[in-house]
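Q: I would like to see how this sequence folds:
(one chain, ligands or ions: 1)
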Amino acid sequence: MSTDLNSQIHESAKIIRTALNGLAPKIAVVLGSGLGGLADRVTDAAYIPYGELPGFPRPGVHGHAGMLVAGMIEGVPVIFLKGRVHFYEGVSSAPLKVMMRSLKSVGIETMFLSNAAGSLRPEAPAGNLIAIADHINLAGINPLSGENDDDWGPRFLAMGDAWDKDLRALLMQAAKALDIPLIEGVYAWFLGPTFETHAEIRMAKIIGADSVGMSTVPDCIIARHCGLKVVGCSAITNMGAGLSDESISHDQTIEQAAVASKNFTRLVVQFLKNLHMQGA
Ligand code: HPA
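A: Numbering: from 1, shown residues only. Below is the predicted model of the structure:
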């Protein structure tokens, strides 16, 4: 299994390296549902459809394009990943491993993970952003279950520092400088594809979650396993089920993510610039 996976990682990394054409980005940004617009800001862009990258995800959800975009954004070299797999699609963790490990192979050190999420915090309703300080895995699966490839990371991975404290402080600082309201919160991963019941949202609140969603936690786990640092934020598209009168749907997720995307774009660009200035 690992031989197959490693040859896909090797092949994909080779294609990405060629497309980078000497550019040496240290950060990659996964753009969640409705947040893909940020990639349009890239100059001198190279585009690689996931379909051309062996083993990469084949995203199927509306709002997820499946495109790697590499280039410069306001003087910072960066790779954007538009589209990800969701485990509710019934896929294995292999595409996620190929994606993260090939990015690591081309020199990426930090992953910025974003998503659309439901909020459990009244002060951060739809249209707001929440920085992810930590997560709770409620999906009942772990993308590292099964055979471990020790060459990439340990069998038993500590998750106490899953979401990088210093990078998050830099993100909070960027938000403050731009006057963008940003609270820190714990993101709970539900497998989906159903949205949560009212009881599940009450439970999530009780156990310490601030937001809920169907992605990102597996990305974080696979990224941390191969030594990538992780930072990120959620675009809030709705209050958790039962916490407001609004109905929850995928269309609403996309629509409200577009509202949040304006501040999201400003925030991420500022964060990238600040990080770049630090030499990271
Ligand atoms: N629950 C799960 N996933 C989501 C939600 C939600 O309320 N909103 C956007 N993605």
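Q: Near the ligand, which residues of this structure are found?
A: Taking C-beta under 6 Å from any ligand atom, the part of the chain that reaches the ligand is made up of 116-118, 190, 195-196, 212-214, 237-238, 240, 248, 253. Using the backbone N, CA and C atoms, a C-beta is placed for each residue, glycine as well.
Q: Nearest to the ligand: which residue in the stretch 1-150 of the chain?
A: Closest residue of the stretch 1-150 of the chain to the ligand, C-beta to the nearest ligand atom: Gly118 (2.3 Å).
Q: Name the SS class of that residue, please.
A: Counting by DSSP: H, G, I helix; E, B strand; the rest coil, the backbone at Gly118 sits in strand.
Q: Was I right to think it contacts Ala209?
A: No: Gly118 lies out of contact with Ala209 (C-beta atoms under 8 Å); the separation is 9.9 Å.
Q: Quick check on these two: which one has the bigger neighbour count.
A: Set Gly118 next to Ala209 and count neighbours by other C-beta atoms under 10 Å: Gly118 wins out with 27 against 24.
Q: how about the more buried one, what does it touch?
A: 195-196, 201, 211-213, 236-241, 248 (C-beta atoms under 8 Å, 6 or more residues apart in numbering).
Q: Ala94 too?
A: Applying C-beta under 8 Å, 6+ apart to Ala94 gives the contacts 5, 55.
Q: related to what we said a few turns ago, any idea how far Ser261 is from the residue of the stretch 1-150 of the chain closest to the ligand?
A: To Ser261, Gly118 is 17 Å away according to C-beta to C-beta, to the nearest Å.
Q: Please, where are all the strands along this structure?
A: Ranges of strands within the chain are 27-31, 43-49, 67-73, 76-82, 110-119, 129-137, 182-189, 211-213, 229-239, based on DSSP state E.
Q: Flag the shaky bits of the chain, pLDDT-wise.
A: 1-2, 59-65, 280 (pLDDT under 70).
Q: would you list every one of the helices in it?
A: Ranges of helices in the chain, per DSSP state H, are 2-20, 94-105, 165-178, 198-206, 217-225, 250-277.
Q: Now render those as JSON lines, adding distance to Glu147.
A: Converted to JSON lines, these look like this (distance: least, C-beta to C-beta, whole Å):
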{"stretch": "helix 2-20", "distance to Glu147": "7"}
{"stretch": "helix 94-105", "distance to Glu147": "11"}
{"stretch": "helix 165-178", "distance to Glu147": "30"}
{"stretch": "helix 198-206", "distance to Glu147": "32"}
{"stretch": "helix 217-225", "distance to Glu147": "13"}
{"stretch": "helix 250-277", "distance to Glu147": "34"}
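Q: Between the ones you listed, which one is closest to Gly153.
A: In terms of C-beta to C-beta, the element of the helices of the chain nearest to Gly153 is helix 217-225, at 3.7 Å.
Q: Make sure Ala13 is actually in contact with Val106.
A: Yes: the pair Ala13 and Val106 passes the contact test of C-beta under 8 Å, sitting 5.3 Å apart.
Q: re the thing from before, present the contacts of Gly118 as a markdown table; the columns should include neighbour count and distance to Gly227.
A: Below are the contacts of Gly118 laid out as a markdown table (neighbours: other C-beta atoms under 10 Å; distance: C-beta to C-beta, whole Å):
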| residue | neighbour count | distance to Gly227 |
| --- | --- | --- |
| Phe195 | 19 | 34 |
| Glu196 | 22 | 33 |
| Ile201 | 22 | 34 |
| Ser211 | 25 | 26 |
| Val212 | 27 | 28 |
| Gly213 | 26 | 25 |
| Ile236 | 28 | 30 |
| Thr237 | 31 | 32 |
| Asn238 | 24 | 35 |
| Met239 | 20 | 36 |
| Gly240 | 26 | 33 |
| Ala241 | 21 | 36 |
| Ile248 | 16 | 36 |
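Q: which one of the residues you listed is nearest Leu5?
A: Distances from Leu5 to the contacts of Gly118, taken as C-beta to C-beta, are shortest for Gly213 (26.5 Å).
Q: Tell me which residues touch Arg202, please.
A: So Arg202 contacts Gly242 (C-beta under 8 Å, 6+ apart).
Q: ok, Ser92 - how many residues close by?
A: Per other C-beta under 10 Å, the neighbour tally for Ser92 reads 12.
Q: same check, this time on Ala133
A: Residues lying near Ala133 (other C-beta under 10 Å) number 16.
Q: how about the nearest residue to it, chain neighbours excluded?
A: Leaving aside its sequence neighbours, Ala133 sits nearest to Glu184 (C-beta to C-beta, 6 or more residues apart in numbering; 4.1 Å).
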